[in-house]
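K.L.:
Mind looking at a prediction? Sequence and model below.
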Amino acid sequence: MRDGQKTYEADFFRWINNFLRDNGYKLSKCGFKNRDSLRNHEIDFSKGFWKNASYSLSKPIRWLYHIIPDEDGWVAVDPASAVHAIGFNNPGQKNDKTAIVFRVQPLVQKETGDYIWESNLEVNIFFLFHGPPARGTSAQTYSFNPATGVLNLNDTPLRYIAAGFLGLRPRGEETDLRSTSKENAVNADADTITYGEVLDALCADVKASFGDKPPEEMPVFDLSEKTELERIKRVVADAWDEAGPVAPRTDAGRITTDDDDEIIAPASLQVPEIPDLIGVDTGVYRQINAALASGKRHIMLYGPPGTGKTTLARHIASVLTGGKWTLVTGSSDWSSQDIIGGYQPVGEGSVAFVPGVLLRHFDRPLIIDELNRCDIDKVLGPLFTVLSGQQTTLPYRLRIGDEDSPQFTILPNPKSSVEVHEFAPGLHWRLVATINSIDKAALYQMSYALARRFGWVYVDVPRDATEFVKEYLRRDNPDAACPSADASCPIADFWEAINTIRALGPAPVVDAIRAVRVMIEMPNFFTVPDKEMKNALLDAIDMVLLPMLDGILLQDAEFLTQKAIEIFRLDSADSARIDARMKSVAV
């Protein structure tokens, strides 16, 4: 939130972090760690450039750009008039950084030899590569040619598959150029500049070079607008898909840790709504924040399948820790060794204690998806005392053959210096888990004593199925014609009928809609289906929805058969088909 106006900058960074993480990669951000501080870098405002260019261009934390008054408005001018460094990056130990964001700081010229810094005019610029750009060293410098759009890494041209300026404020927001600090003050007449004028000037002067195409204007994504957030997400996802599989990367070995690898403490425990996760009631976010604010460190999200619990869990972990978390999926084969640790062979006939996934990543949240698929008390039992605020001693020795050897201990709170046999949580460690309520009676249960250590939040199906379908289709294709307010939606009506038998979240319904759209070029979901549409809907039910209904009672299967006949207006042949398929999943 900036000055009371919503922007989607943080939403985009959370989304791109998760998008890259799902593909095995990371985002790098240059110049963000120290917020508005320039550290040891200084600017000469009479020139509009670095005072010590040789020093500041070795590892620049801003890309400086002139915004100059012109008879037709404002124009942008590169202060170096040549290829020069705009930022740097540490590749990290895994060499898995495949996107980067730089901070662009416009310096507005009021008079010749007189430039002004206004932090609220800052713009970001984003580049997406198709895989890590290079093996690299501990610090790699990026340079850019605004006239050609060529981005270089250590003087080697890079191919980027998506790029653009990120607008961080509303385009119409004005900046009074008189409101400068004393050290930067100028003697000039009153004047203002809008944020949109800055963006337009930069866009006109800076080119992008995508593959073999001629240089074109650098795209602009106005992150003060929700539709622009959705647009950049589509651009990134489409560019990644079109580029095809990423070539395997080689191990970069041990490289100096990147500043951006540090977990960033949140300014508060407020988890904002996810703009593109539709169908989740605002009360869910209210309860999550209430649980956190009231002292619950650990969150349990439960409810029907497909309601977005895993997405929410990832979102919570990303917001509270700057994007660093570990996710595992529950399994009936788990034991406490998988999560906590235990004795394992370590080679040459030796056995030693090997930490489990939780203790290996005790500095960040552990997301356990579908927790009740494991024997919860058995798996998390050794952690129960820790969750109660006391240390616990594990039945494993530091030196297995030495009876006097200390046993491994899990501490309940962070500790600045731990012994070799001690495990202490980091400040940002917490558990975020999900449970499908449809499985709750059949799978393992959690004891009351352990359950009360969590803040429980129920994630239900959308209240209005038709409105959900409308919103999903509207977001997926903003140019499509909107149905009337009273338009019926057969697939939504059938979904509501299913929910009276077994609650299902939006995910399988979205899959069904996608399947129909593959089978029919331009399907209409808000009218009585014709023969082609009926066939597509029945096929989608077979493919996506019926597997989710396995094990329903015969009378419930007969009820859903009758509802399908009424809603889709099926003839005798199609009625017999749906009746047979429904009975095939009934018990």
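P.N.:
That came through fine.

K.L.:
Show me where the stretch 151-300 of the chain dips below the pLDDT cut-off.
P.N.:
Residues of the stretch 151-300 of the chain meeting the criterion pLDDT under 70: 178-190, 247-269.

K.L.:
How about the contacts made by Met582?
P.N.:
Under the criterion of CB atoms under 8 Å, 6 or more residues apart in numbering, the neighbours of Met582 are 546, 549, 557-558, 560-561, 564. C-beta here means a position set from N, CA and C on the backbone, and glycine is covered the same way.

K.L.:
Tell me the one of those nearest Leu473?
P.N.:
If you rank these by distance to Leu473 using CB to CB, Ala564 comes first, at 21.3 Å.

K.L.:
How much space separates the closest residue to Arg159 other than its chain neighbours from Thr98?
P.N.:
Closest residue in space to Arg159, ignoring its immediate chain neighbours: Gly211 at 6.7 Å, by CB to CB, 6 or more residues apart in numbering. Here the distance between Gly211 and Thr98 works out to 16 Å (CB to CB, to the nearest Å).

K.L.:
repeat for Ile67
P.N.:
Between Ile67 and Thr98 the computed distance is 31 Å (CB to CB).

K.L.:
And for the residue nearest to Arg159, the neighbour number?
P.N.:
A total of 8 residues lie near Gly211 under the criterion other CB atoms under 10 Å.

K.L.:
Got the phi and psi for it?
P.N.:
phi 60, psi -130 (degrees, to the nearest 10).

K.L.:
From what I see, it and Tyr160 are in contact.
P.N.:
No. Using CB atoms under 8 Å, Gly211 is not in contact with Tyr160; the gap is 9.1 Å.

K.L.:
picking that back up, which members of the contacts of Met582 are classed as buried?
P.N.:
Buried subset of the contacts of Met582 (neighbour count, 16 or more other CB atoms under 10 Å): 546, 549, 557, 560-561, 564.

K.L.:
still on that earlier bit, can you put the contacts of Met582 in a markdown table and add pLDDT, secondary structure and distance to Ile86?
P.N.:
Conversion of the contacts of Met582 to a markdown table gives the following (pLDDT from 0 to 100; DSSP: H, G, I helix; E, B strand; the rest coil; distance: CB to CB, whole Å):
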| residue | pLDDT | secondary structure | distance to Ile86 |
| --- | --- | --- | --- |
| Leu546 | 93 | helix | 54 |
| Leu549 | 93 | helix | 55 |
| Ala557 | 95 | helix | 63 |
| Glu558 | 95 | helix | 67 |
| Leu560 | 96 | helix | 59 |
| Thr561 | 95 | helix | 63 |
| Ala564 | 95 | helix | 59 |
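
K.L.:
could I get those residues as CSV with distance to Val75?
P.N.:
Below are the contacts of Met582 laid out as CSV (distance: CB to CB, whole Å):
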residue, distance to Val75
Leu546, 62
Leu549, 63
Ala557, 69
Glu558, 72
Leu560, 65
Thr561, 68
Ala564, 63
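
K.L.:
Neighbours of Asp402, how many?
P.N.:
9.

K.L.:
show me what contacts Gln337?
P.N.:
By CB under 8 Å, 6+ apart, Gln337 lies in contact with 344, 356.

K.L.:
and stretch 106-116, how far from the chain's centre?
P.N.:
Using CA atoms, centre = their mean, to the nearest Å, we find the averaged C-alpha position of stretch 106-116 to lie 38 Å away from the chain's own average C-alpha position.

K.L.:
start to end distance for it?
P.N.:
Stretch 106-116 has an end-to-end distance of 9 Å (CA to CA, to the nearest Å).

K.L.:
And that stretch, what's buried?
P.N.:
Residues of stretch 106-116 classed as buried by neighbour count (16+ other CB under 10 Å): 106-110, 114-116.

K.L.:
For Val77, state which of those residues is nearest.
P.N.:
For these, the residue nearest Val77 by CB to CB is Gln109; the value is 8.6 Å.

K.L.:
Spell out the secondary structure type for that closest one.
P.N.:
Three-state secondary structure (criterion: DSSP: H, G, I helix; E, B strand; the rest coil) places Gln109 in strand.

K.L.:
pretty sure it contacts Ile68?
P.N.:
Yes. Using CB under 8 Å as the test, Gln109 is close enough to Ile68 to be in contact (4.6 Å).

K.L.:
And this structure, split by domain according to the record?
P.N.:
Residue ranges for each domain of the chain read 9-246, 282-458, 465-584, as given by automatic domain parsing.

K.L.:
Any chance of those in TSV with distance to Ile274 as columns?
P.N.:
Formatted as TSV, the entries for these read as follows, by distance: least, CB to CB, whole Å:
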stretch	distance to Ile274
domain 9-246	8
domain 282-458	5
domain 465-584	13
